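>>> Everything below, folded, please.
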Amino acid sequence: MFILANLLTAIAQILDIVLSIYMWIIIIAALISWVNPDPYNPIVRFLYAVTEPVLRHVRRLFRLGFAGIDISPMIVILIILFIKHFLITSLIEMALRMKIQ
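Numbers count the residues shown, from 1 in each chain. Below you'll find the model as predicted:
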């Protein structure tokens, strides 16, 4: 049973790292959008390619915007934080309970 518990712990930790990296990518893309970035810059193209599908989906679902301000990055960050605090914590606690038994 401890092998499955270790597997769950590893999955939770990797998911935590991936979500943290994606959250920072969204923050950087949102900050870059405040200035006039060069659309041909490879870094800008990467940031938009990685974040735009998720942000577009959130914009389509919620249709929120106040005075021309796009709040979809904030919604995605809140969703990521919810997943990190709910799912990852639950996986780690489940793994710990499996080790105890």
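
>>> so which strand or helix has the residue lying closest to Asp70 once chain neighbours are set aside?
Nearest non-adjacent residue to Asp70, counting by Cβ to Cβ, 6 or more residues apart in numbering: Arg59, 7.2 Å away. All C-beta spots, glycine's among them, are computed from the backbone N, C-alpha and C. Assigned by DSSP states H and E, Arg59 falls within helix 42-62.

>>> buried set for that helix?
Neighbour counts over helix 42-62 (16 or more other Cβ atoms under 10 Å) mark Leu47, Tyr48, Thr51, Val54, Leu55, Val58, Arg59 as buried.

>>> got a list of what the second one touches?
Counting by Cβ atoms under 8 Å, 6 or more residues apart in numbering, Tyr48 makes contact with Ala29.

>>> now swap in the fourth one and tell me
Residues in contact with Val54, defined by Cβ under 8 Å, 6+ apart, are Ile26, Val76.
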